[in-house]
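Participant: quick one, what's the 3D model for this:
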Amino acid sequence: MMLSIAACVVVLGGAAAVLSPLLSDIREIFVDSGLSDSYLSLIFKAAAISLITHITCELCRDCGESAIASAAEIWGKACLSLMSVPLIKSIMEQIWSSL
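Facilitator: Here you go, the predicted structure:
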């Protein structure tokens, strides 16, 4: 199990190094379009939570702990739902102000 976790950390580190230039380009696109930087931050946080949750669930399943994997999936979905509340609130405010 420790070897699997170490391999995942190495792969994620490599992916982060490769994706770093792409992320800076995406950030420039958001800044140029006039969208708030908080939206971009929210998207990156949601992607990170999704990836971490997926890796955690797969590691748990590999160890034969399907109940813990299911609990981790529920936790990840709950975190994503809680993170989306400010975004939904902002969208609703914009809709109501335009009416």
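
Participant: CA atoms of stretch 63-70 as CSV?
Facilitator: As requested, the backbone C-alpha atoms of stretch 63-70 are provided in CSV (Å, rounded to 0.1, in the frame of the first residue of the first chain):
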residue,chain,number,x,y,z
CYS,A,63,-6.7,-2.6,-0.4
GLY,A,64,-10.1,-4.4,-0.2
GLU,A,65,-11.8,-1.6,1.7
SER,A,66,-14.8,-0.9,-0.4
ALA,A,67,-16.8,0.6,2.5
ILE,A,68,-14.1,3.2,3.1
ALA,A,69,-14.0,3.9,-0.7
SER,A,70,-17.7,4.6,-0.7
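
Participant: now that stretch: average pLDDT?
Facilitator: When pLDDT is averaged along stretch 63-70, the result is 92.

Participant: now the helix or strand bottoming out on mean pLDDT in the chain, how far from the centre of its chain.
Facilitator: Counting by mean pLDDT, DSSP states H and E, the weakest-scoring helix or strand in the chain turns out to be helix 2-33, with a mean of 81. Its chain's average C-alpha position is 12 Å from that of helix 2-33, according to Cα atoms, centre = their mean, to the nearest Å.

Participant: so which elements touch that helix?
Facilitator: helix 37-62 (3 or more Cβ pairs under 8 Å, 6 or more residues apart in numbering; DSSP states H and E). In short, each C-beta sits where N, CA and C put it, glycine included.

Participant: please tell me how far the spatially most central residue of the chain sits from Ser70.
Facilitator: The C-alpha lying nearest the average C-alpha coordinate of the chain belongs to Ala47 (Cα atoms, centre = their mean; 2.2 Å). Remark: distance between Ala47 and Ser70 (Cβ to Cβ, to the nearest Å) = 22 Å.

Participant: also Met1?
Facilitator: Counting by Cβ to Cβ, the gap from Met1 to Ser70 is 18 Å.
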